[in-house]
Structure formats: C-alpha cells, structure tokens
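Enquirer: I would like to see how this sequence folds:
(2 chains)
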Amino acid sequence: MRWSQTLIPTMKETPEGAEIPSHVLMLRAGLIGQLMAGAYTYLPLGLRALRKAEQIIREEMDAAGAIEILMPALTPLSLWEQTGRVEAFGDVLIQFSVRRANRKVQMALGPTHEEVVTDLVARHVSSYRQMPITLYQIQTKFRNEERPRFGVLRTSEFLMKDAYSFDTSLEALGQSYDKMYAAYCRIFSRCGLNYLAVEAESGPIGGDASHEFMVPAENGEDMVVHCRDCGYAANLERAEIGPVGDVSNPPPPQPLRRVDTPGATTIEQVSRFLGCRPADMIKTLIYTADNRPIAVLIRGDHDANEAKIRRAVGAQKIALAEPRVIEEVTGAPVGFAGPVGLKQPIPLFADRAIQFVHNGVAGANAADAHLTGVTLGRDFHVDQFYDLRNAVDGDPCPKCSSKLAIRHAIEVGHVFKLGTKYSEALAARFLDDKEQLRPIIMGCYGIGVNRILASLIETTHDANGIVWPVALAPYEVVLVPVNVMDEPTRKAATELHDALQSAGIDVLLDDRDQRAGVKFKDADLIGFPLRVVLGERGLKQGKIEIKWRWEDQAQMIDLDEAAETIAALIRRERQTGERFAASASRQA
RNA sequence: CGGGGCGUAGCGCAGUCUGGCUAGCGCAUCUGGUUUGGGACCAGAGGGUCGCAGGUUCAAAUCCUGUCGCCCCGACCA
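Expert: Reported below is the predicted structural model:
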C-alpha cells in the first residue's frame, strides 16, 4: 500500500478531550475518529490492527475446537424478558420498537448473547451425543454505558468475541472451560500483551468458576491484587488476604470514654476532629442481610467487601441498611454507630483486623458522640473473625508469606462457568444416556477486541508514539524514501515495496513528498515495527537502513538482498514475537 | 445520577472578566519559488452560522436565560 492512496490523518497536536495515552495516540496516529461519545470509526490503520487481533482470536478459537457462527445484533425483547435480564440490564440494554404493518415489534440490540445462543442450541441440540460443543462469534455489541470514557476502553458499541460452551456435566464443563482458558492465554500472549489471569467473582457455581484476563495499566478501571513471588492474582473483589498477625505488644487499655464529635460522621472527619489515625478506628456498618440487620466491623482505613460479607453471613442478598433501620438499631442518626451499646442486640461480624485495634475509636450510638479507648473483650465481644474487607497494598499473600501488590488493570477477557441459568430459563435440555431430560450446562467466554488494541498501546507506548508488536501492527514494515523526487530512490523504494508485498509482508510505502523528518515522526507515532529508510547516500553504496521501532540502533543492509532479509526478519518476529517481548520486558 | 471543565476555520488555541473598527495566531490546505536524514523557509491565497435558540443593547464571540454537545472526577456496571 502507498501512503498517498489511503487515509492516514495523523495529528501533530493532542485533540481536546483526549487524556489517556491510548486514546490520544489512537486519534493522533489516525487509527480512529470519534463520531460521538462512546462511538468511534475505525480508520484504515485502526481497522487493520483490529482485524489482526480478530484473526489471532479466530485461529486460537478454531484450534481449541470452537465453532464460529454469526448471530444477529438485533434481538427480540421477549428473549430478555424470559431470563429477567431486561431488568438486570436496565438502561444499559438498548431497546426500541419498530412498526410493522399493524403491529409493533419490540427489540433490543444485543449487549451479549447468552439468550440468543441458548435459544439457538435449544432448537438444535437435544442429545448428549451432540455435546460438547462450543460456539463463538466476533460481533459488535451494544451497551448504553452510563458514561462512555477513555477512548475505546469503554464505549457504547464495541467488538466482542463471545463464546459459549454446552456440556452434559460439570466435569465436562470443566474441560471446556480449561480449553478456553488455555486458548485465551495463547491469544493474549500472541498479541504481545503482558496480562494476568485473575480469579474473579464466581457466581452460582463457585470455586474456580471465573477468571478475568487483566492487563495491568495505570489507566485501567479495574483493580487486581497480585503477588509477584508466588503469582497469586485475583480481582480486588475476590482477593483473599493472608493471616495478619500483630506481634507488637498491645498498649495498656485505657478507660472507655465518651467524647463529643458534633457533626463528625465520616472516618475522615472524626479522625481529624479527635486527632486519631483511621487505623485506630472501628467502622461499624449496619447491613441488611436477607431482611435482618447485622453490624459489620471494619478497621477505619479499610474498605468493606460486600461479597465477602455476604459469604460470611451466609445470606443471599446484602445491602447497606436504610437510615430508618440504622436509627432503630443504633438509637442514633447515621454516622454514629459503634459496637458498644447498640440499642438492639444484632449479630456482630468483625473483620480480622479488628482483633488488633487497641484503644479504638468508635461511634457511641448516640448523636454527635464517639467512644475512645474501645477495647475488644472488655467493651464488646466478637465470637468469630472473618475476612470481610478489600485487600490493600502490602497485605500478606494468602498463598505464600510475601506481600500483595494492588494494581489498576484493563479487563480484556473473562471466562465464566454459567451452569444452567440460561438453559433452564430457555428450556435448553438434552436427553442423557440414561434417557433423562436435563438442562444443558453452559460456560461463556468473552474478549473485548478493541480493548486488546487499547491496552497494548496503553502499556507499550513511548514518548514518540505507539509501539506495535508485529502481530497487531497495521503494517509490519514502513518504507521511507528520504527524497521521493530522486529517481533512483523512488525506483528502489517501489521495487522493494512490490517485492515485500509479493512475499506476503504487510508493507506501507510512504511516498509523500514530505521532508524526512515529517515521515520519521509519523512512522514513530503510528509505531510500525520495522522502518526501512532509503537515502540517496546509502543507495549509492547499495545500502539501506532498517530499524525496529523499539530499538535505538539502526543497521545497514544490502539493497540487493533487502526483500529477503526483511521478509525473513518479519516472519521470524511473527512467529516468536521475541524482539518485541524483549523490549517490553525491559520496560516493565 | 451528583460535582467540575470546555464549545471561536480541518486540528490546537488567544480574545469573553471590563460589549465597540474588517474576529486573530500557530499548524494543516492551495499557488509560486528555494530546500530535502528527525515535524524547513520566503511570498501570496482560500477557509468562520464565534455550538444552537431567545433576550438585553445604538452595538454581543463577550452580558442574561434556556438548550445541545464533548471531556474529567465520583456513583453505577449482567
């Protein structure tokens, strides 16, 4: 391809409104153009990169035995009503009705396709002999995000690879799941991503039923907990915390004292008012667990984790209690709850860290008052301690004795054991070998294709622009003739371009009549892996220059063998990605 | 949904507080010339509903009211 014959609108300056590197660079490099909040056009270069990611996904899914289909984005609303997901999705589901003759048809744009695929399988699969089977598609999904943001990281319309497995038993589901998990690892590795597979909230099946594939990145919206020593990795929601033992000698207990704290209801206000550390405070949260109130004690500087609380309590549903309930239980307005002197006797669930709070500060269960010198065992009693909080940086790893690190991350993939939720709702049943009718057991597996590009850019760019691995690069090689008005230069560039193209190399010839500096800046901004410079001086000696985007040093090669040399370099890098990986690991 | 910021040429911005000549600057574009290995230079040219609507005024990019859009923080996220 010749630069002058395609559309590559690069920008020298950062467009107003773009802040994070992937967004800025995708716009500046002419990969995407914005139509409205959360909706982007993929321009020629962006589309090529997206197609490459798609192709890698397709190859690995096929290799894992998954079967590609294409389902409609347009779906009947009734399908979502059957599974109760009209309500679950709320405004995120883009629904509308169209008129047809004398009736109105209600539809929704698919935000995901469990319903559609289960309906499909319910119609065509009825025997255990037809399973296992995994179906997948790569298709545009629609979600009316409350707040689209961060360029292509969170959009209302995005490209998703979604796969669904159908099995006859939990064991078989486990095998299907493991195959997808392994395929995902290969996909993200081939894309050159530095990713973590983390344990995620698992839903109905429990155990290791859900993993997210996360790319650690400063601008990621998710938080992951990672142990560098043993490799333990989990979503913050899910992460366990190793045993915390306070070995220091406890200070002598001080008498329980009531102090006035007018208007101070938050940890921050109280700590400033009384001059104490948040870590010395006992945060008392009143929850409603399946309609009964409970008190949850969390150290002032920690955050409660509702999933952990729900499990510890053994409840189906928990939520922070309504102010009315809190007032009934504590006898005080919201903000002054404490474990000592609750008006109503309700169960106390304490986080393990509460054991090591000495002379704590807690609400007095009275308006505008707190207690100091609160001592466990003397002033209040706790039968059992649980892990009820989110991990914080430096907490002990649950698997080894090392420390956990907390990092922002971008979710690029999610694998999930669904069970029978959708097959039961949509009557997807099969006859087993004992002639029993049973619901099909499902798994679902998603990849955000656009996020692969964005997270790659987010994590590997440098001051000059994007740094593509060969696997995803819109073009693997860019040819830069320094002076296109020089006839020998133009001839050499054209011949090399044609030779590389015939050899199956994705090559772009920058045939613009621009100064060399302009072309170099653009080549760096877009981030083509290999840059080939054809200059008049070198050509007189039969030499041209090649340089990898991520390396500083260029080298001269013979023009005579240039096509073969370059094709061989690219083919090797396509297979191994080793040069890119080496540079990426140096950065990390 | 709560808080904040911004809409002026294709892109980036100044001008708005304190209303006043023909609405400016840089980049990009077009023409001519000189240049040609890291975003060249000279000369000239084209390009504007100042987001939109209404109001105040002799006069509005500027003040007032409403409205639309974009971005950021927070809440939410099957």
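Enquirer: residues touching the most centrally placed residue in chain A, list them.
Expert: For chain A, the residue sitting closest to the mean C-alpha position, by C-alpha atoms, centre = their mean, is A:E411 at 0.8 Å. Contacts for A:E411 (C-beta atoms under 8 Å, 6 or more residues apart in numbering) come out as A:212-214, A:220-222, A:448, A:451. (Glycine included, C-beta is placed from N, CA and C.)
Enquirer: mind doing that once more with 10 Å?
Expert: A:153, A:198, A:200, A:212-215, A:220-222, A:224, A:235, A:446-448, A:451, A:455 (C-beta atoms under 10 Å, 6 or more residues apart in numbering).
Enquirer: what do you get for A:E87?
Expert: A:80-81, A:93.
Enquirer: list buried residues within those residues.
Expert: Buried members of the contacts of A:E87, counted by 16 or more other C-beta atoms under 10 Å: A:80, A:93.
Enquirer: from the contacts of A:E87, which is closest to A:V533?
Expert: A:V533 has its nearest neighbour among those in A:L93, at 52.0 Å by C-beta to C-beta.
Enquirer: contacting residues for the closest one?
Expert: With C-beta under 10 Å, 6+ apart, A:L93 has these contacts: A:75, A:77, A:80, A:85-87, A:108-111, A:142-144.
Enquirer: okay, now the unreliable bits of chain A?
Expert: Chain A contains residues with pLDDT under 70 at A:202-207, A:246-247, A:586-588.
Enquirer: give me the domain ranges for it.
Expert: According to automatic domain parsing, chain A comprises the domains A:19-73+A:110-240+A:407-457, A:257-386, A:477-587.
Enquirer: identify whichever of those lies nearest to RNA strand B.
Expert: Closest to RNA strand B of the domains of chain A, according to C-beta to the nearest atom of the strand: domain A:477-587, at 2.1 Å.
Enquirer: quick one on the thing from earlier: give me the element the residue nearest to the centre of chain A is part of.
Expert: strand A:405-419 (DSSP states H and E).
Enquirer: name the residues of that strand that come out as buried.
Expert: Under 16+ other C-beta under 10 Å, the buried positions of strand A:405-419 are A:405-407, A:409-419.
Enquirer: turn the residues you listed into a markdown table, including distance to RNA strand B.
Expert: Shown next, in a markdown table, are the buried residues of strand A:405-419 (distance: C-beta to the nearest atom of the strand, whole Å):
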| residue | distance to RNA strand B |
| --- | --- |
| A:A405 | 19 |
| A:I406 | 14 |
| A:R407 | 15 |
| A:A409 | 13 |
| A:I410 | 13 |
| A:E411 | 10 |
| A:V412 | 14 |
| A:G413 | 13 |
| A:H414 | 9 |
| A:V415 | 13 |
| A:F416 | 9 |
| A:K417 | 13 |
| A:L418 | 10 |
| A:G419 | 13 |
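Enquirer: among the residues you listed, which one sits closest to A:I298?
Expert: A:I406 (17.1 Å).
Enquirer: now do the SS call for the nearest residue to the closest one once chain neighbours are set aside.
Expert: Closest residue to A:I406 apart from its sequence neighbours, by C-beta to C-beta, 6 or more residues apart in numbering: A:D393 at 4.7 Å. Under DSSP: H, G, I helix; E, B strand; the rest coil, A:D393 falls in the coil class.
Enquirer: strands of the stretch 301-450 of chain A, start to end?
Expert: Per DSSP state E, counting those that start in this stretch, the stretch 301-450 of chain A carries strands over the ranges A:318-320, A:348-351, A:360-363, A:369-374, A:385-386, A:405-419, A:429-431, A:437-439, A:441-448.
Enquirer: picking that back up, could you identify which of the domains of chain A is most buried?
Expert: Highest mean neighbour count of those: domain A:19-73+A:110-240+A:407-457, a mean of 20 (counted as mean count of other C-beta atoms under 10 Å).
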